[in-house]
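Enquirer: build me a model from this:
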Amino acid sequence: MLIAGFPAGAWGTNCYLVAPAAGEECVIIDPGHQAADGVAEAVAKHRLKPVAVILTHGHIDHVASVVPVCGAHDVPAWIHPSDRYMMSDPGAALGRSIGTQLMGELTVGEPDDVRELTDGAELELAGLSLTVAHAPGHTKGSVTFRMPEQADIPPVFFSGDLLFAGSIGRTDLPGGDMDEMYGSLARVCLPLDDSTVVLSGHGPQTTIGRERATNPFLREVAAGQGGTTTAPRRGM
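Expert: Next up, the predicted model:
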């Protein structure tokens with residue numbers, strides 16, 4: 001298994017390229033702001049052939065490079081239908097303009113081929129199996145991707161802006177909802193095995209076991225007391 005990840009752009013959003021091994025097909029997860037060059041470098045370094053872009057949600061810091069990346073490799077982009085509008089209208093997704101200078105650096109719009117993600121879907125891409133879970137809270141169309149345990153490799157969970165090391169995604173932007181966030185944490189995260197590696201949209205990797213023990217939000221959800229912690233949240 002090969003997972004090549006790097007933080008991209010003004011928001012340091014993690015972009016991941018995932019393949020069975022070097023020299024094989026791969027999927028690209030969340031090519032955000034200024035991620036196109038990093039994707040090209042990883043593709044060349046590991047001799048990869050992208051077959052799809054898959055998106056955890058529609059915020060501009062996760063989708064800003066979708067058009068150039070999909071165009072360069074002639075691949076589709078997969079996104080939940082509730083977040084699809086954000087690719088063409090990032091300002092509405094944030095409830096404000098993101099600024100003239102920054103907008104001038106972005107390729108706003110949809111790639112030629114857009115496909116819809118649904119809860120429980122099993123994606124078979126690039127020789128990989130990824131289970132989609134709809135996880136609203138940060139946005140209405142947020143999803144996660146889970147890969148099963150393989151040989152000596154523990155399960156891998158691409159959490160987007162649902163779960164971070166020590167925190168969770170913010171819910172104060174349009175489409176955010178704290179009750180939905182807690183519901184998604186309970187339904188999507190808590191059932192996962194402690195050994196599951198969490199690769200989130202921002203920040204370092206962690207494990208479900210570590211977050212179950214130390215993350216104040218996940219501990220509240222596990223105790224049935226979600227909604228009382230004042231710990232800071234993350235994400236754009």
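Enquirer: for the closest residue to Ala121 other than its chain neighbours, what are its contacts?
Expert: Spatial nearest neighbour of Ala121, chain neighbours left out: Val132 (4.3 Å); criterion: CB to CB, 6 or more residues apart in numbering. For glycine as for every other residue, the C-beta is placed from the backbone atoms N, C-alpha and C. Counting by CB atoms under 8 Å, 6 or more residues apart in numbering, Val132 touches 117-123, 143-145.
Enquirer: next, Val132: secondary structure please.
Expert: Put simply, Val132 is strand when judged by DSSP: H, G, I helix; E, B strand; the rest coil.
Enquirer: circling back to that earlier point, out of the contacts of Val132, which are inside strands?
Expert: Counting by DSSP state E, the contacts of Val132 place 122-123, 143-145 in strands.
Enquirer: contacts only, for the closest residue to Pro31 other than its chain neighbours.
Expert: Using CB to CB, 6+ apart and skipping the chain neighbours, the partner closest in space to Pro31 is Ser65 (4.1 Å). Contact analysis of Ser65 by CB under 8 Å, 6+ apart lists 8, 15, 31-36, 39, 107.
Enquirer: surely Pro148 touches Ser129?
Expert: Yes. Using CB atoms under 8 Å, Pro148 is in contact with Ser129, at 6.5 Å.
Enquirer: what's the overlap in contacts for the two?
Expert: Here Pro148 and Ser129 share no contacting residue, scored by CB under 8 Å, 6+ apart.
Enquirer: measure Phe6 to Leu163 for me?
Expert: For Phe6, the distance to Leu163 equals 20 Å [CB to CB, to the nearest Å].
Enquirer: looking at these two, which is more packed in?
Expert: Taking other CB atoms under 10 Å, Phe6 and Leu163 do not tie; Leu163 has more neighbours (30 against 15).
Enquirer: doesn't Tyr182 make contact with that one?
Expert: No. Counting by CB under 8 Å, Leu163 does not reach Tyr182; the two are 11.7 Å apart.
Enquirer: can you give me the helices in this protein?
Expert: 36-46, 60-63, 66-73, 90-94, 100-103, 178-184, 208-214, 216-222 (DSSP state H).
Enquirer: now render the ones you listed as CSV, adding mean neighbour count.
Expert: Shown next, in CSV, are those (neighbours: other CB atoms under 10 Å):
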stretch, mean neighbour count
helix 36-46, 17
helix 60-63, 29
helix 66-73, 20
helix 90-94, 17
helix 100-103, 10
helix 178-184, 19
helix 208-214, 17
helix 216-222, 19
